[in-house]
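>>> sequence below, structure please.
(chains A and B)
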Amino acid sequence: MRRQIPMIITFFVGALIIVSEFIPHRPFGNLSTSLEGWFLIISGFAIILGQLSLFKVNIIKIHRKAPNWPYFIIALVSFSIMVICGILWGTQQQPGLLQTSDKMLNFFGMKPFDYIFKYMFENLSATMFSLLAFFMASASYRAFRARSPESTLLLIAAVLVMLGRTTIGSTLTGWIPESLGFLHLPNIASFIMKYPNTAGQRAIMICAGLGVIGSSLRIILGIERSYLGGK
Amino acid sequence: MKNLVFYVFLGILLTNVSLFAQDISFTAKDNPNDDGGAIILEWDVPLTYNEMVITRSTDNENFIEIAVVTPLLKTYIDDENIEDGQEYFYRLSLVDADGEKQSFETNALSSAEWFNTDKISLLIMAVLLGTAITYYIFSARKGKRLYIRKISGLDTIEEAVGRATEMGKPLLFVPGIMDLDDMQTIAGLNILGHLAQKVAQYDSTIHVPVCRSMVLSTAKEIVKESYLRAGRPDAFRPDSVFYLTDDQFGYVAGVDGIILREKPAATFYLGAFYAESLILAETGFESGAIQIAGTAMPTQIPFFVAACDYTLIGEELFAASAYLSNEPNQLGSLKGQDVGKAIIIITLLVGVILEMCGVHFLKDFLATH
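Below is the predicted model of the structure:
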């Protein structure tokens, strides 16, 4: 029963969603919107579970004095400060439990939660994102090494696209007469991006779409039970 | 002769006026394929008119203004306080450059439809695919042998777990950054079930940091059940599945920290990924772990291909659980998907040929609104 009831619910809801895709009449027409609303409500409650997990895991590590344990204290303190600031003084859109005093607003220029979010959190996020540029360089170096015919092809396509997308591409091939315009590097780059690249991406997306349909059917029909701990 | 010229001129003038009057049309009808409560108004008015007012009435006497439109717009959907079954009267009032006024009237009823005719092509495809998948599932059940090509990334899972056990290092599983409403996350979690069972059998350890609270509860339950299935419920550690943060780059920072501190023997990135894919995969590469990735995000696949040892591309991610289970039922559904691919390829080829011949029937039929 522990597995059968969830499977019956899955089948019923899955079948209902498929049917509602083709029936615009009420109540089927807005069924998926209603279910999305339910999902958001459940997610709201699940957030508490997430926060509890975060606290529990960090406290255990601090208690056991795991390597680098002071960092886990910083994580918990940062988390607590954000929660306290949010609850007490609110955010720009939402008022908090306490009234934000003019003195505090003059000092921070905004509410404390927004101040921390804007001047600390956003910068830390941007720092992590900026690492992508360096990682992209190292990954490209490995990917473009001409070890096989495929990687050589990749290297050639990449060089053509990179040159074609910069001003140096136009400069290098600018002397080619207009009648041979297809040999201009910007045109070659556009061609590669527009046709082979788009065709490849669409093929992946079509196959992924079929995969989604297959997986959904397996789950709805109860053939796939891994998510319930079954085989 | 003078009279003849006059009558010819008058005739031309009247013809033009009557033609000009015929040029203007104003119609109303029920908005098709909706759940009622909407009427679509269409007009064909010369561009010389710059002010057009639409008014509405339920008794054809008291009209209220509902919109000011232009001739360019061509259509307007009236969906404010429309009741199904009630007749509505519409009046289109025009004022030309000379300030002369004209008005046109029409009426319509709104109703809800029981079938969306725009989605006939989708229904046909769904029925064809569903039939193919069901047929192969039953064929496999009857014992028919089905050929499924090897997926190297999935065959390496056991090797990766064995390596982790030998090295005394943990494994890291990242189920992407999307919630449970994304099929890629569910596909990733299905693979986690098989992986966790192997981890339990080999007495290794696994870390599953998650980005969403809903994924946390599901992943925890999956890992727990896998340990139970492997006959080692005592070895399950609830803290092995833990929540980090909902924030994309906060999550990346957390996972990168785990990779650098714990130095896992193998890392698995299976789910929906965005800009964080390469940051995670490159950090894993630097740590020397065996890396297996899988996603259906076309923009992230090249990053995983460049930085990981094995990459499940698109549909392979969704097929992984069925492949690993080796159950005839599930393998049959994979074969059904292949038939779907064949149908799509044939449709594309026929569509291309028809379009080249100037026949647009198939393209129009397949297009949904």
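>>> going forward, measure contacts between C-alpha atoms and count neighbours the same way
OK.
>>> any idea how far the spatially most central residue of chain A lies from A:Phe135?
In chain A, the residue lying closest to the centroid (C-alpha atoms, centre = their mean) is A:Phe129, at 12.5 Å. Applying C-alpha to C-alpha, to the nearest Å, the value for A:Phe129 to A:Phe135 is 10 Å.
>>> leaving aside the residues adjacent along the chain, what's closest to B:Ala160?
B:Ala266 (6.0 Å; C-alpha to C-alpha, 6 or more residues apart in numbering or on different chains).
>>> look at the one you found and say how many residues are nearby.
Neighbour count of B:Ala266, defined by other C-alpha atoms under 10 Å in any protein chain shown: 27.
>>> surely it meets B:Ala289?
Yes - the criterion here is C-alpha atoms under 8 Å, and B:Ala266 meets it with B:Ala289 at 4.7 Å.
>>> mutual contacts of those two, please.
Counting by C-alpha atoms under 8 Å, 6 or more residues apart in numbering or on different chains, no residue touches both B:Ala266 and B:Ala289.
>>> and the longest helix for the chain?
Let's take chain A. Counting by DSSP state H, the longest helix found in chain A is helix A:31-63.
>>> I was after chain B.
helix B:328-356.
>>> okay, the helix or strand following that one in CSV with CA atoms only?
Using DSSP states H and E, the helix or strand that follows helix B:328-356 towards the C-terminus is helix B:361-366. Output of helix B:361-366 as CSV, limited to C-alpha atoms (Å, rounded to 0.1, in the frame of the first residue of the first chain):
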residue,chain,number,x,y,z
PHE,B,361,-0.4,21.7,-45.8
LEU,B,362,1.8,19.7,-43.5
LYS,B,363,3.5,22.8,-42.0
ASP,B,364,0.2,24.4,-41.3
PHE,B,365,-1.2,21.3,-39.9
LEU,B,366,1.7,20.7,-37.5
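>>> what is helix B:361-366 packed up against?
Using 3 or more C-alpha pairs under 8 Å, 6 or more residues apart in numbering or on different chains; DSSP states H and E as the contact criterion, the elements in contact with helix B:361-366 are helix B:120-141, helix B:328-356.
>>> what's the closest of these to B:Thr156?
Nearest to B:Thr156, of all those, is helix B:328-356, at 19.0 Å by C-alpha to C-alpha.
>>> how about that closest one and chain A, any contact?
Yes - looking at helix B:328-356 against chain A by C-alpha under 8 Å from any C-alpha of the partner chain, the contacts come from B:Asn329, B:Gln330, B:Ser333, B:Leu334, B:Gly336, B:Gln337, B:Gly340, B:Lys341.
>>> before we move on, what about stretch B:141-152?
No - Stretch B:141-152 does not reach chain A (C-alpha under 8 Å from any C-alpha); its nearest approach is 11.8 Å.
>>> ends of that stretch, how far apart?
26 Å.
>>> buried residues, the longest helix of chain A. List them.
A:31-32, A:43, A:46-47, A:49-51, A:53-55, A:57-59, A:61-62 (16 or more other C-alpha atoms under 10 Å in any protein chain shown).
>>> closest to B:Glu80 out of the residues of helix B:328-356 next to chain A?
Checking those against B:Glu80 by C-alpha to C-alpha gives B:Gly340 as the nearest, at 42.1 Å.
>>> circling back: helices or strands up against the longest helix of chain B?
helix A:198-220, helix B:120-141, helix B:315-325, helix B:361-366.
>>> deepest of those helices, which one?
helix B:315-325 (a mean of 24; mean count of other C-alpha atoms under 10 Å in any protein chain shown).
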